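S.K.: Please work out how this folds:
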Amino acid sequence: MSTPNGGDLLVRVLRELGVDTVFGIVSVHNLPLVEAVARDLRFVPVRHEATAVSAADAYGRARGTLGCALTSTGTGAGNAAGSLIEALSAQTAVLHVTGQIDSPYLGQGRGFIHETKDQPGMLAAVSHHAATVTEAADAGRVLRTAAAAALTAPGGPAEEAGIPDALPEGDTGGYAPGASSGARARGRFTRNFVVQGSAADWALLLLAALRSSLAPLRAELVFFQHDEVIVHCPDEEAPAVVAAIAAASDRATAICFGDVPVRFPFTTAVVGCYAEAKG
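M.R.: A predicted model of the protein is given here:
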């Protein structure tokens, strides 16, 4: 049986508030929260932290209830600022829950992983209420206080940062000191070094191969970000561009990984405008 954690607490409080859907970004800092929400409620993944808050804002307004967004910490949480200001100006009830760095490094200003300088102050500047969990025993109280602040006139977004993975006995019944911290450390190494590092190498090789293939054509590589490549071309060149993208993907994979059976799912869509590619 797994040890109850901060995700279980978050789900319980959201159910008390009548929240059935959470919009957010998956991060190594909030995985226990995401996993619990996805298991017991509905988690809607989005592509940007500002989108998560805007979606939660709109969903809450449409239902007449509290909207909830879940993001990473530090600079990831800061990405939500524009949408938080909109919710603050409109005085709409949004609960913005963020992950947090490991408590031994909290507030030391060492830039640990995603830490940013004075995160509480940063979020308080664009919110109706902001609070940070520093002790596991306070997690439930801090979360409920933030939700109440968001729902109390004049209303506005409320921030809650750092629900611990493990909770003390008497809250959800179990405490495993240090266990989740080690798991997060291994997860960070896998994500930052193995996954993101290898993917970055692969992406650079893909772009180099694609630029070379497109040189004889009128097609132009116009955009690349994270996991999207956009090429503008005349209609008649579309089949050649699709083939060039597939060939560039195969070439990058062969250079990076050789005969190792690594597969990068890479699909293409030929559309008249970017919005159609999202359908």
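S.K.: For Trp199, give its distance to Pro234.
M.R.: Wrong residue type there; residue 199 is Ala, not Trp. Going from Ala199 to Pro234 by Cβ to Cβ, to the nearest Å gives 31 Å. Quick note: C-beta positions are derived from backbone N, CA and C, even for glycine.
S.K.: between the two, which one's more packed in?
M.R.: Counted by other Cβ atoms under 10 Å, Ala199 and Pro234 do not tie: Ala199 has more neighbours, with 14 against 10.
S.K.: Which element, helix or strand, includes the more buried one?
M.R.: Under the criterion of DSSP states H and E, Ala199 resides in helix 196-214.
S.K.: So which bits of that helix are buried?
M.R.: Trp202, Ala203, Leu205, Leu206, Ala209, Leu210, Ser213, Leu214 (16 or more other Cβ atoms under 10 Å).
S.K.: and these as TSV, adding pLDDT and distance to Gly258?
M.R.: Formatted as TSV, the buried residues of helix 196-214 follow (pLDDT from 0 to 100; distance: Cβ to Cβ, whole Å):
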residue	pLDDT	distance to Gly258
Trp202	80	12
Ala203	82	18
Leu205	87	13
Leu206	87	16
Ala209	91	16
Leu210	92	20
Ser213	92	21
Leu214	93	26
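S.K.: Make TSV out of those residues and add distance to Gly82.
M.R.: Below are those laid out as TSV (distance: Cβ to Cβ, whole Å):
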residue	distance to Gly82
Trp202	31
Ala203	27
Leu205	34
Leu206	31
Ala209	36
Leu210	32
Ser213	37
Leu214	34
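S.K.: any idea which of the residues you listed is closest to Leu88?
M.R.: Set against Leu88, the nearest of those by Cβ to Cβ is Ala203 (36.5 Å).
S.K.: And Phe266, what's its pLDDT?
M.R.: pLDDT, Phe266: 74.
S.K.: Kindly report the domain assignment for the chain.
M.R.: 6-177, 188-278 (automatic domain parsing).
S.K.: Return the most buried member of those.
M.R.: Among the domains of the chain, ranked by average contacts under mean count of other Cβ atoms under 10 Å, first place goes to domain 6-177 (a mean of 20).
S.K.: Show me how far it is from its chain's centre.
M.R.: 12 Å (Cα atoms, centre = their mean, to the nearest Å).
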